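Engineer: pasting the structure only:
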Ligand code: 4AD
Ligand code: MG
């Protein structure tokens, strides 16, 4: 074949230099035609749009063209031609074609007909080649970039917290253990317990549930930091909003109080949604048309309106007086379920909500205690269709108060001594939060199940791929 520099299809579809010789490479979505001419819709992952390759059969050997079926990968030299049909402005008239890889029509699972999202989860090795997942994974990339850009432009430092830790940041105990001990024949102590002093790290370790504790150390030195990494929760919650492995973004800022924290969360979320609308519009439009006709409207609404801010106590009062039948009853002191959060957001306020000042007993040990002796300076951001998208708080910076809480909760200080000690050396007010990246992706794509916004979801009983 003649050597011509490859053009990506996203760039090709913007070109108007009709007549130019071009090269494109990609995967065949469909092939149709008649005895004289074949039309191949080709996609290379750079855009939701395919380019049409027109093959004049008088110029090609029919046998050679036979394997050009859905899923095959081909390399095409041709001329850029103004399209006669509707839709695309440009198409390619093929001069030379090389087949890189065939895809047997009987064996290849992604034939032309529409597939259910459930089926596509079973072929996660191939689903990035569909329009839907191409759009979602391109958007995941753009949103990751936007997150770094947001913080970088505002003087935050990307602080790398460990994936393997010996502490339980949320104190919830839902951790995956990390060990090189032979589980069939572990070394034992004299009392018969597993002897972790002989394990790889000389102690018991686990995958992190949150980078917050180490993030706070960063904020107490660099002023404003953020983390962005994988976090792990071994909770057996099989819901459309929980993963066992998910990505979390955690800013932590010295001298911020809870109001600053809320302002940051609201500004950050609006920035990200605006960024998606400005940079991923074609993909969003596709998802809007295919899955969720109110998606674009909802995204615009969130960008344009102030979030409602109220306390947990006020929220519970609204729920109690709502007359609504909830599956889980609600009263002051209970943790809010997704149905309660969504009632406040979707039915009552019809707007994103930030709930603050939760009961101390349902929140983590590190949250700043209010003077009422009952509540802490927590904040959860609640979104339509999602429920909790962000959880955060102002932190307890007072060593004595923090220790009192740690002791009340009967927590071991052995694995968090350094976290506690930072309160003794130049302690300062500070606050932060965690945004679940896949919850954000759910909101921005309009998808209903969190398994469909991450390439390879990890959930109970599923670690395929
Ligand atoms: O509310 P969470 O548990 O808060 C923390 O981990 C704090 N250490 C954050 C901080 O203050 N720095 O989790 C934060 C967010 C949730 O609001 C939710 O968006 C997401 O992480 N999240 C999950 N996303 C997917 N699957 C799960 N199992 C999740 N658990 C939490
Ligand atoms: Mg939370």
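Structural biologist: In hand now; what should we look at? Please read all numbers here as calculations on a predicted model, not as lab measurements. Residues are numbered from 1 along each chain as shown. Ligands and ions are numbered 1, 2, ... in the order given.
Engineer: residues of the stretch 301-450 of the chain that sit close to ligand 1?
Structural biologist: When proximity is defined as Cβ under 6 Å from any ligand atom, the stretch 301-450 of the chain approaches ligand 1 at 388, 389, 390, 391, 392, 432, 433, 434, 436, 438, 439. Placement of C-beta: from N, CA and C, glycine included.
Engineer: and residue 87, what's its pLDDT?
Structural biologist: Residue 87 carries a pLDDT score of 75 in this model.
Engineer: still on that earlier bit, okay, the residues of the stretch 301-450 of the chain next to ligand 1 in TSV with pLDDT and secondary structure next?
Structural biologist: Formatted as TSV, those follow (pLDDT from 0 to 100; DSSP: H, G, I helix; E, B strand; the rest coil):
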residue	pLDDT	secondary structure
388	97	strand
389	98	strand
390	98	strand
391	98	strand
392	98	strand
432	98	strand
433	98	strand
434	98	strand
436	98	strand
438	98	helix
439	98	helix
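Engineer: buried among those residues? Make that a PyMOL selection.
Structural biologist: Buried subset of these, written as a PyMOL selection, criterion 16 or more other Cβ atoms under 10 Å:
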select buried, resi 388+389+390+391+392+432+433+434+436+438+439
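Engineer: what's the farthest-apart pair in the residues of the stretch 301-450 of the chain next to ligand 1?
Structural biologist: Greatest spatial distance among these (Cβ to Cβ): 432 and 438, at 19.4 Å.
Engineer: need the contact list for the nearest residue to residue 156 once chain neighbours are set aside.
Structural biologist: Among residues not flanking residue 156 along the chain, residue 224 sits closest, at 4.5 Å (Cβ to Cβ, 6 or more residues apart in numbering). Neighbouring residues of residue 224 by Cβ atoms under 8 Å, 6 or more residues apart in numbering: 154, 155, 156, 157, 251, 252, 253, 254.
Engineer: give me the phi and psi angles of residue 224.
Structural biologist: Backbone geometry at residue 224, expressed as degrees, to the nearest 10, gives phi -140, psi 120.
Engineer: report pLDDT for residue 169.
Structural biologist: Note on residue 169: pLDDT of 82.
Engineer: check residue 448 too.
Structural biologist: 97.
Engineer: likewise residue 113?
Structural biologist: The model reports residue 113 with a pLDDT of 78.
Engineer: the one 10 residues further on now?
Structural biologist: pLDDT, residue 123: 97.
Engineer: need the contact list for it.
Structural biologist: Residue 123 sits next to 109, 110 when contact means Cβ under 8 Å, 6+ apart.
Engineer: let's see 6 Å
Structural biologist: Residues near residue 123 by Cβ atoms under 6 Å, 6 or more residues apart in numbering: residue 109.
Engineer: also the one 3 residues further on?
Structural biologist: Contacts were defined as Cβ under 6 Å, 6+ apart; by that measure residue 126 touches residue 110.
Engineer: state the distance from it to ligand 1.
Structural biologist: Distance from residue 126 to ligand 1, counting by Cβ to the nearest ligand atom, to the nearest Å: 25 Å.
Engineer: residue 403 too?
Structural biologist: Going from residue 403 to ligand 1 by Cβ to the nearest ligand atom gives 20 Å.
Engineer: let me know the secondary structure of that residue.
Structural biologist: helix (DSSP: H, G, I helix; E, B strand; the rest coil).
Engineer: ok, now residue 39?
Structural biologist: Residue 39 - assigned by three-state DSSP - is strand.
Engineer: surely it is in contact with residue 33?
Structural biologist: Yes - using Cβ atoms under 6 Å, residue 39 is in contact with residue 33, at 5.2 Å.
Engineer: of the two, which one has the most company?
Structural biologist: residue 39 (15 against 12; other Cβ atoms under 10 Å).
Engineer: tell me the contacts of the more buried one?
Structural biologist: 32, 33, 52.
Engineer: any figure for the gap between it and residue 14?
Structural biologist: 21 Å (Cβ to Cβ, to the nearest Å).
Engineer: tabulate the contacts of residue 224 (TSV), appending pLDDT.
Structural biologist: Formatted as TSV, those follow (pLDDT from 0 to 100):
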residue	pLDDT
154	98
155	98
156	98
157	98
251	99
252	99
253	99
254	98
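Engineer: pull out whichever of those residues are also neighbours of ligand 1.
Structural biologist: When Cβ under 6 Å from any ligand atom is applied, no member of the contacts of residue 224 is adjacent to ligand 1.
Engineer: pull out the buried members of those.
Structural biologist: By 16+ other Cβ under 10 Å, the contacts of residue 224 give 156, 251, 252, 253, 254 as buried.
Engineer: among the residues you listed, which lie within helices?
Structural biologist: Counting by DSSP state H, the buried ones among the contacts of residue 224 place none of their members in helices.
Engineer: dihedrals phi and psi, residue 94?
Structural biologist: Torsion angles, degrees, to the nearest 10, at residue 94: phi -70, psi 140.
Engineer: let me know the pLDDT of the residue sitting furthest away from the middle of the chain.
Structural biologist: For the chain, the residue at maximal distance from the C-alpha centroid (Cα atoms, centre = their mean) is residue 58, at 49.1 Å. Here, the pLDDT recorded for residue 58 equals 96.
Engineer: which residues of the stretch 101-250 of the chain fall in helices?
Structural biologist: Along the stretch 101-250 of the chain, counting by DSSP state H, counting those that start in this stretch, helices occupy 117-122, 131-153, 212-222.
Engineer: residue 182: neighbouring residues, count only.
Structural biologist: 8.
Engineer: out of the contacts of residue 224, which comes closest to residue 451?
Structural biologist: residue 251 (26.8 Å).
Engineer: how close does the residue lying closest to residue 30 once chain neighbours are set aside sit to residue 50?
Structural biologist: In this structure, residue 30 finds its nearest non-sequential neighbour in residue 41, 4.7 Å apart by Cβ to Cβ, 6+ apart. To residue 50, residue 41 is 4 Å away according to Cβ to Cβ.
Engineer: what's the residue nearest to residue 30 in contact with, if anything?
Structural biologist: Contacts here follow Cβ under 6 Å, 6+ apart; on that basis residue 41 touches 29, 30, 50.
Engineer: dihedrals phi and psi, the second one?
Structural biologist: Its backbone dihedrals place residue 30 at phi -150, psi 160, with angles given as degrees, to the nearest 10.
Engineer: look at it and report its pLDDT.
Structural biologist: 96.
Engineer: pretty sure it is in contact with residue 112, am I right?
Structural biologist: Yes - at 5.5 Å, residue 30 counts as touching residue 112 under the criterion of Cβ under 6 Å.
Engineer: got a list of what residue 270 touches?
Structural biologist: residue 303.
Engineer: that one sits in which helix or strand?
Structural biologist: helix 258-279 (DSSP states H and E).
Engineer: next helix or strand past that helix?
Structural biologist: Note on helix 258-279: by DSSP H and E, the next helix or strand toward the C-terminus is helix 281-290.
Engineer: ok, and what's touching that next one?
Structural biologist: Against helix 281-290 from outside (Cβ under 6 Å, 6+ apart): 48, 135, 138, 139, 295, 296, 445, 446.
Engineer: dump the residues you listed into CSV; add neighbour count as well.
Structural biologist: Shown next, in CSV, are the contacts of helix 281-290 (neighbours: other Cβ atoms under 10 Å):
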residue, neighbour count
48, 19
135, 21
138, 20
139, 20
295, 21
296, 17
445, 26
446, 19
